[in-house]
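build the 3D model from these lines:
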Amino acid sequence: MSREHLPLSESDVSRIVEMAWEDRTAFEAIEAQFGLNESAVVDIMRGYMKPSSFRMWRKRMAGRATKHLALRSPEVQRHRASHTRQA
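Model (predicted):
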């Protein structure tokens, strides 16, 4: 998946990269919001990041249970910033 063929806006891609970089955001959340599976997210990260940053991200993500809902501990909750309304 190259930059030229993505039907996503730059702000969408920016948000996808941000969500993928966060440890607590599962790939399933990105798929639910943008319709992109894990391999598509990896392709985006590879295309939009410097090679060294991509390698660092992949190393961090390898085996990280919090990036997959099925592997996630029930204690891991969605992150909410302290300045947002807690419902």
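
in three-state terms, how would the residue lying closest to residue 46 once chain neighbours are set aside be classified?
Nearest residue to residue 46, sequence neighbours excluded (C-beta to C-beta, 6 or more residues apart in numbering): residue 54, at 5.3 Å. Heads up, the C-betas are built off the backbone N, CA and C, glycines and all. Recorded secondary structure, residue 54: helix (DSSP: H, G, I helix; E, B strand; the rest coil).

make residue 1 into 38 and carry on from there
Sure, I'll start numbering at 38, so the last one becomes residue 91.

and residue 91, how far from residue 69?
24 Å (C-beta to C-beta, to the nearest Å).

try residue 52
Per C-beta to C-beta, residue 52 is found 13 Å from residue 69.

who's more crowded, residue 91 and residue 69?
Comparing residue 91 with residue 69 by other C-beta atoms under 10 Å, the one with more neighbours is residue 91, at 15 against 10.

show the pLDDT at the more buried one.
Residue 91 is assigned a pLDDT of 94 by the prediction.

mind listing what's buried in stretch 92-99?
94, 98 (16 or more other C-beta atoms under 10 Å).
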